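Peer 1: Pasting the sequence and the predicted coordinates here, then a few questions.
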Amino acid sequence: MRKALDGGLLHAMRAFLRVIDSGSFTAAAEQMDLTTAQISRLVTELENRLGAKLLQRSTRQRVLTDVGADYAERCREVIALVDEAEAHASGTNMSPQGRLRVQCMVNFGQHYVAPMMADFCASYPQLSVEYSTSQYVPDLLARGVDVSLYLAESLADSGIVARRLGTTFSILCASPDYIKRHGEPHTPDDLNQHTALRLVNPSIRPEWNLTDGNGTTQQLSPRGKLIADTPDMVLDVALRGAGITLLPLFTVIDDVRAGRLKRVLPTWRSPDIGIYALLPSRHYLNAKTRAWLEWVEQRITPQLKADANYFSQKTR
């Protein structure tokens, strides 16, 4: 049996999103060239169809319910896919527009994403970017994230689509002052006699797994007074001479170049760490996400290789 709104369901979804984005039924009505009563009726009929409350209404504000927030993000995905399908069918190329939600690990974003963001925004004036940071694998659908940039030695099997953008690795570093006071280790085993500053988060194991690039590997369980889930905290403590740390190369490259940090055991490093674009499961990408991925691959992927080459050359 057909439900009410089968013929105008997309129209009702668009009205619902306009109410959310504009902040009121009146503003949504003006944008859609409808009356306030028509917008209110569309949202009410949408709620009746779903059998769930999407908005809590009062005389002063409209507040999304939990169901409404989740449904809104899925409406955005549906409408984006419909718009793109129509653009392809009509033979037109839809330019990226609307809101692009990007999530990224903090330090990676500071080093690679922030420098390119202004140019990206300028190149796509009809697109607005909502950027957030997290050290954890995101629930893309629940949070409405279009794409997340994430680092991991390996990814657990899940419904998330992962697109590999490149690799990086971590290196051992300490301040010149620390090395002067405590001496420099000459083998991985020597690290057991030093204070370790450890980065531990869902993408980084608590153990230090090292390789010399010739097939020899060694795993250590370092001891120290600091464990943190963000590289910036560990970096700051290392710069103050508190110990030896194993950090992603992009976190330390500027300080190594400036002499504020010295590489320890330069022939040893971590195994490769994969850099991924995580996407919600879908058959194809909308225009805004595709534009972002192309931008990232053109600008960040080459920089990843250049930074890795800097440290690789130092060990030759």
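Peer 2: All right, it came through fine. Residues are numbered from 1 along each chain as shown.

Peer 1: can you give me the strands for the stretch 51-200 of the chain?
Peer 2: 55-57, 62-64, 98-104, 127-133, 147-152, 161-168, 170-174, 196-199 (DSSP state E, counting those that start in this stretch).

Peer 1: Export those as JSON lines, with columns for mean pLDDT.
Peer 2: What follows is the strands of the stretch 51-200 of the chain, written out as JSON lines (pLDDT from 0 to 100):
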{"stretch": "strand 55-57", "mean pLDDT": "83"}
{"stretch": "strand 62-64", "mean pLDDT": "79"}
{"stretch": "strand 98-104", "mean pLDDT": "89"}
{"stretch": "strand 127-133", "mean pLDDT": "90"}
{"stretch": "strand 147-152", "mean pLDDT": "89"}
{"stretch": "strand 161-168", "mean pLDDT": "90"}
{"stretch": "strand 170-174", "mean pLDDT": "96"}
{"stretch": "strand 196-199", "mean pLDDT": "94"}
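
Peer 1: Which of these sits closest to residue 25?
Peer 2: Of all the strands of the stretch 51-200 of the chain, the one in closest proximity to residue 25, counting by CB to CB, is strand 62-64 (7.4 Å). C-beta here means a position set from N, CA and C on the backbone, and glycine is covered the same way.

Peer 1: thinking again about what came up before, of all the strands of the stretch 51-200 of the chain, which one comes closest to residue 120?
Peer 2: So among the strands of the stretch 51-200 of the chain, strand 127-133 is nearest, using CB to CB, at 7.3 Å.

Peer 1: neighbouring strands for that closest one, and are they parallel or not?
Peer 2: strand 98-104 (parallel) (DSSP bridges).

Peer 1: The strand it pairs with versus strand 147-152: what angle between them?
Peer 2: 10 degrees (axes from the mean of the first three to the mean of the last three CA atoms, to 10 degrees).

Peer 1: Please render the strands of the stretch 51-200 of the chain as CSV that adds mean neighbour count and distance to residue 278 to the earlier fields.
Peer 2: Shown next, in CSV, are the strands of the stretch 51-200 of the chain (neighbours: other CB atoms under 10 Å; distance: least, CB to CB, whole Å):
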stretch, mean neighbour count, distance to residue 278
strand 55-57, 15, 30
strand 62-64, 15, 25
strand 98-104, 20, 8
strand 127-133, 14, 13
strand 147-152, 22, 4
strand 161-168, 16, 6
strand 170-174, 25, 21
strand 196-199, 24, 20
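
Peer 1: Export those as CSV, with columns for distance to residue 44.
Peer 2: Converted to CSV, the strands of the stretch 51-200 of the chain look like this (distance: least, CB to CB, whole Å):
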stretch, distance to residue 44
strand 55-57, 10
strand 62-64, 13
strand 98-104, 25
strand 127-133, 29
strand 147-152, 34
strand 161-168, 36
strand 170-174, 55
strand 196-199, 51
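
Peer 1: where exactly do the strands run in the stretch 201-316 of the chain?
Peer 2: 208-211, 217-220, 226-228, 244-248, 262-263, 273-279.

Peer 1: quick one, what contacts residue 236?
Peer 2: Residues in contact with residue 236 (CB atoms under 8 Å, 6 or more residues apart in numbering): none are found.

Peer 1: one step back: winner for burial among the strands of the stretch 201-316 of the chain?
Peer 2: strand 244-248 (a mean of 27; mean count of other CB atoms under 10 Å).

Peer 1: Please compute how far that one lies from its chain's middle.
Peer 2: Relative to its parent chain, strand 244-248 has a centroid offset of 22 Å by CA atoms, centre = their mean, to the nearest Å.

Peer 1: can you list the residues that contact that strand?
Peer 2: Contacts of strand 244-248 (CB under 8 Å, 6+ apart): 107-108, 151, 168-174, 178, 185, 191, 194-199, 208, 231, 234-235, 237-238, 264, 270, 273.

Peer 1: thinking again about what came up before, please name whichever of the strands of the stretch 51-200 of the chain is nearest to residue 259.
Peer 2: strand 170-174 (11.7 Å).

Peer 1: Listing request: residues of the stretch 201-316 of the chain with sub-threshold pLDDT.
Peer 2: Across the stretch 201-316 of the chain, the ranges flagged by pLDDT under 70 are 281-284, 314-316.

Peer 1: Kindly recompute the last result at 80.
Peer 2: 202-205, 213, 280-286, 313-316 (pLDDT under 80).

Peer 1: shouldn't residue 228 be in contact with residue 206?
Peer 2: No: the pair residue 228 / residue 206 is not scored as a contact, 11.9 Å apart, by CB atoms under 8 Å.

Peer 1: Overlap of the contact sets of these two?
Peer 2: The contact lists of residue 228 and residue 206 share 198, 200, where a contact means CB under 8 Å, 6+ apart.

Peer 1: how about the CA coordinates for stretch 236-247, as PDB?
Peer 2: This file holds the C-alpha atoms of stretch 236-247, laid out as PDB (Å, rounded to 0.1, in the frame of the first residue of the first chain):
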ATOM      1  CA  ASP A 236      55.900  19.700  23.300                       C
ATOM      2  CA  VAL A 237      57.200  17.500  26.200                       C
ATOM      3  CA  ALA A 238      60.000  16.100  23.900                       C
ATOM      4  CA  LEU A 239      61.100  19.600  22.900                       C
ATOM      5  CA  ARG A 240      61.500  20.400  26.600                       C
ATOM      6  CA  GLY A 241      64.000  17.600  27.000                       C
ATOM      7  CA  ALA A 242      61.900  15.100  28.900                       C
ATOM      8  CA  GLY A 243      62.600  12.000  26.900                       C
ATOM      9  CA  ILE A 244      62.700  10.100  23.600                       C
ATOM     10  CA  THR A 245      59.600   9.800  21.500                       C
ATOM     11  CA  LEU A 246      58.300   7.900  18.400                       C
ATOM     12  CA  LEU A 247      56.200  10.300  16.400                       C
END
